[in-house]
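Asks: Build the 3D model from these lines:
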Amino acid sequence: MTPSTKKSGTPVLRVTQVRSAIGTQARHRGTLRSLGLGTIGNTVEREDSPQLQGQLRLVSRLVRVEEAAGG
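Replies: Numbering: from 1, shown residues only. The predicted structure follows:
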């Protein structure tokens with residue numbers, strides 16, 4: 001098991017909001033909320049999945065995604 005994976009073996013992604021949601025579609029704001037974001041600079045860690053990839057694709061211009069480093 002690598003430091004950036006949970007017990008299930010799936011990689012963990014660190015998602016940080018880097019742009020404001022002001023002026024975006026309500027659908028994009030809802031996606032940010034469902035990810036646990038909402039303020040510039042907020043960071044969450046999520047297990048990678050097809051559903052997460054779809055959400056990140058929708059708000060790709062508002063967030064930065066990197067693989068979480070083990071700690």
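Asks: so what's the residue nearest in space to the middle of the chain bridging to?
Replies: Centrality entry for the chain: nearest residue to the mean C-alpha point is Val15, 3.4 Å, by Cα atoms, centre = their mean. Beta-bridge partners recorded for Val15 (DSSP bridges): Val44, Val65.
Asks: what's near enough to touch Thr31?
Replies: Gln55, Leu58, Val59 (Cβ atoms under 8 Å, 6 or more residues apart in numbering). C-beta here means a position set from N, CA and C on the backbone, and glycine is covered the same way.
Asks: let's go with 10 Å and repeat that
Replies: Applying Cβ atoms under 10 Å, 6 or more residues apart in numbering to Thr31 gives the contacts Ala21, Thr24, Gln25, Leu37, Gly54, Gln55, Leu56, Arg57, Leu58, Val59, Leu62, Val63.
Asks: Asp48 - nearest residue in space that isn't next to it in sequence?
Replies: Distances taken as Cβ to Cβ, 6 or more residues apart in numbering put Pro11 closest to Asp48, at 4.7 Å, once the chain neighbours are dropped.
Asks: Same question for Thr39.
Replies: Gln17 (6.8 Å).
Asks: what do you get for Arg61?
Replies: According to Cβ to Cβ, 6+ apart, the nearest residue to Arg61 is Arg19 (6.6 Å).
Asks: residue boundaries of the strands in this protein?
Replies: 12-17, 43-47, 63-67 (DSSP state E).
Asks: Export the second one to PDB, keeping only CA atoms.
Replies: Output of strand 43-47 as PDB, limited to C-alpha atoms (Å, rounded to 0.1, in the frame of the first residue of the first chain):
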ATOM      1  CA  THR A  43      -8.900  21.700   0.200                       C
ATOM      2  CA  VAL A  44     -10.500  18.300   0.500                       C
ATOM      3  CA  GLU A  45      -9.200  14.700   0.000                       C
ATOM      4  CA  ARG A  46     -11.400  12.300  -1.900                       C
ATOM      5  CA  GLU A  47     -10.900   8.700  -3.100                       C
END
